[in-house]
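J.: Structure for this input, please:
(one chain, ligands or ions: 2)
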Amino acid sequence: MEAVLIKKMSQHVGQQVTVQGWVYNQRSSGKIIFLIIRDGSGLMQAVVVKQEIGEELFKKIRSLTQESSVRVKGLVREEPRSVGGYEMNVTSLEIVGVAEDYPITHKEHGVDFLAEHRHLWIRTPRQAAILRIRSEIEHALRNFFYERDFILADAPIITPAACEGTTNLFELDYHGEKGYLSQSGQLYNEANAMALGRIYCFGPTFRAERSKTRRHLLEFWMIEAEMAYYDIDDNMKLQEEMIGYVIQRVLDKCLSELKTLERDVEKLKAIKLPFPRISYTEAVEILKQAGEEFTWGDDFGAPHETIISSHFNAPVFVHRYPTAIKAFYMKPDPDNPEVVLGADLLAPEGYGEIIGGGQRIDDLTLLKQRIAEHKLPEEAFAWYLDLRRFGTVPHSGFGLGLERTVAWLCGLEHIRETIPFPRMLHKMYP
Ligand code: 4AD
Ligand code: MG
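T.: Residues are numbered from 1 along each chain as shown. Ligands and ions are numbered 1, 2, ... in the order given. The predicted structure is shown next:
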């Protein structure tokens, strides 16, 4: 018989089904064993009665260790008091593998210990719930762009030049040539947008961050869109629609996972479009009114972002940052070239910047000048400059950090739980 998913148990009430999974926990009362089985999609209680299953098998089941793998067959019924709301009356059980002493028991463990055992930690219901939500978010993002006729155009991972400054580049030896792991697919996105109109890429990006924070990984996934003929306002509108779409999907599909995480879903439900938009200068005013000493022209740190976002119940766009603190490709505001037509999206509840984006320089001379000012090698950008030589158009794009988005939607304190195997400062194992 085909095995069924615990998550889909509501469709099998009154039926004999097989579940393939692992023993998460068990307790017994002499004649009955209550097994909690997990199968990756959820948890379910399986009730084993000695009289029905026979003395010998009953004994074997009772000695089953945590994380032993089993195939259980039985009759499904509704049981609101049980985890997940359903219960199985076991008629047969096959032991697939008996587990050795499992290091992650049901008592509390320190986070360093858990991180060392990340390959096992991901089996716990909380971690599995996060990873299911992450998967849903990725699907939602792809669906969002697919429904809007965006073309998925993958950007390279190995690149000959820096996109986001040279301080956190991972360098590699490309058979004698210097290469770098991509910090962002943006520059290639711009080429692809000139070829295909509206495009996105979705892949891993790399930054050799040197500080330990709750928000930074050395390897993270970014979905990056680039649109020909979009200005900064078109760009922000698309982003808020995307975020609204993702929130709705998570609320529709992941309520039980959010419950496992004890996420306050009311905060997510309350988010309405359009999102507030404030300029960098207005954001600085908010900081000053909050008593912060802050000089116009400085970049925001995490505490600043938290103060700014605490004024809003939705994500907030901060636009028109000082030109001097932003990347070389950002288009200056024609009304005030001291600032650029870039916008970051700050998540509520102190989750910080989840999107960076903006309108790009479309003028060849200005772009060359910026590359020189940023002391970047012009040869490496020859192809990028070509985009301004052959049919240049106003265009904009953005990059959403997947892990920060997962942290926010799941309500997590630390980014290390948002990806199966996080890459953090001085931490590569497992
Ligand atoms: O703001 P960033 O650096 O923007 C870019 O890379 C643009 N080239 C994107 C574009 O316009 N196509 O990074 C974008 C987002 C940030 O807002 C943040 O969510 C995430 O990527 N991010 C990180 N996430 C985890 N760990 C890190 N070290 C991150 N650095 C950036
Ligand atoms: Mg940024």
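J.: Tell me how many other residues surround the residue lying closest to Val250 once chain neighbours are set aside.
T.: Excluding the flanking residues, the one nearest Val250 by CB to CB, 6 or more residues apart in numbering is Leu409, at 5.5 Å. In this view, the C-beta of every residue, glycine as well, is placed from N, C-alpha and C. Neighbours of Leu409 under the rule other CB atoms under 10 Å: 29.
J.: So which residues make contact with the helix or strand harbouring Leu409?
T.: Per DSSP states H and E, Leu409 falls inside helix 402-410. Residues from elsewhere that reach helix 402-410 (CB atoms under 8 Å, 6 or more residues apart in numbering): 129-130, 133-134, 137-138, 141, 215, 217, 220-223, 246-247, 250, 258, 261, 263, 268, 347-349, 351-354, 412, 414-415, 417-419.
J.: and it, does that touch ligand 1?
T.: Yes. Helix 402-410 reaches ligand 1 (CB under 6 Å from any ligand atom) through Glu403, Arg404.
J.: Pull out the CA atoms of that helix and give them to me as CSV.
T.: C-alpha atoms of helix 402-410 as CSV (Å, rounded to 0.1, in the frame of the first residue of the first chain):
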residue,chain,number,x,y,z
LEU,A,402,15.3,35.0,1.5
GLU,A,403,16.6,34.1,4.9
ARG,A,404,15.7,37.5,6.4
THR,A,405,12.3,37.1,5.0
VAL,A,406,11.9,33.7,6.5
ALA,A,407,13.1,35.0,9.8
TRP,A,408,10.6,37.8,9.8
LEU,A,409,7.6,35.7,8.6
CYS,A,410,8.4,32.9,11.1
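J.: circling back to that earlier point, restrict the contacts of helix 402-410 to contacts with ligand 1.
T.: Leu217, Phe220, Met222, Glu353, Ile354.
J.: that older thread, can you say which of the contacts of helix 402-410 are buried?
T.: Neighbour counting by 16 or more other CB atoms under 10 Å classes 129-130, 133-134, 137-138, 141, 215, 217, 220-223, 246-247, 250, 258, 261, 263, 268, 347-348, 351-354, 412, 415, 417-419 among the contacts of helix 402-410 as buried.
J.: among those, which are in strands?
T.: Phe220, Trp221, Met222, Ile223, Ala347, Gly352, Glu353, Ile354 (DSSP state E).
J.: Please convert those to TSV, extending it with distance to Phe317.
T.: Output for these, formatted as TSV (distance: CB to CB, whole Å):
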residue	distance to Phe317
Phe220	21
Trp221	22
Met222	18
Ile223	17
Ala347	11
Gly352	14
Glu353	11
Ile354	11
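J.: any idea which of these is closest to Ala283?
T.: Glu353 (11.9 Å; CB to CB).
J.: Flag every residue of the stretch 301-430 of the chain that's near ligand 1.
T.: Glu353, Ile354, Ile355, Gly356, Gly357, Gly397, Phe398, Gly399, Gly401, Glu403, Arg404.
J.: please redo it, this time with the cut-off set to 8 Å
T.: 327, 329, 344-345, 352-358, 397-405, 415 (CB under 8 Å from any ligand atom).
J.: Show me what Asn336 is bridged to.
T.: Legend: beta-bridge partners of Asn336 under DSSP bridges are Asp333.
J.: before we move on, back to that, can you tell me which of the ones next to ligand 1 among the contacts of helix 402-410 is nearest Asp154?
T.: Using CB to CB, those come closest to Asp154 at Met222, 12.3 Å.
J.: I'd say the closest one and Gly203 touch.
T.: Yes. The pair Met222 / Gly203 is scored as a contact, 7.3 Å apart, by CB atoms under 8 Å.
J.: Give me the common contacts of the two.
T.: Joint contacts of Met222 and Gly203 (CB under 8 Å, 6+ apart) are Gly185.
J.: all helices of this structure, in order?
T.: Using DSSP state H, the helices assigned to the chain run over residues 50-53, 55-62, 111-116, 118-121, 125-147, 186-196, 232-253, 255-260, 265-269, 280-289, 302-309, 364-373, 382-389, 402-410.
J.: where does the protein have low pLDDT?
T.: Low-confidence regions of the chain, defined here as pLDDT under 70, cover residues 1.
J.: before we move on, back to that, which one of the helices of the chain is the most hemmed in?
T.: Mean neighbours per residue, mean count of other CB atoms under 10 Å, is largest over those for helix 402-410, with a mean of 25.
J.: burial count for Leu341?
T.: 25.
J.: Actually, Gly74.
T.: 22.
J.: Next: Gly356.
T.: Neighbours of Gly356 (other CB under 10 Å): 21.
J.: Stretch 312-326: which residues count as buried?
T.: By 16+ other CB under 10 Å, the buried positions in stretch 312-326 come out as Ala314, Pro315, Val316, Phe317, Val318, His319, Arg320, Tyr321, Pro322, Thr323, Lys326.
J.: wait, what's in contact with the fourth one?
T.: By that I understand Phe317. Counted by CB under 8 Å, 6+ apart, Phe317 has contacts Met236, Gln239, Glu240, Phe275, Pro276, Arg277, Ile278, Ala343, Asp344, Leu345, Leu346.
J.: Thank you, goodbye.
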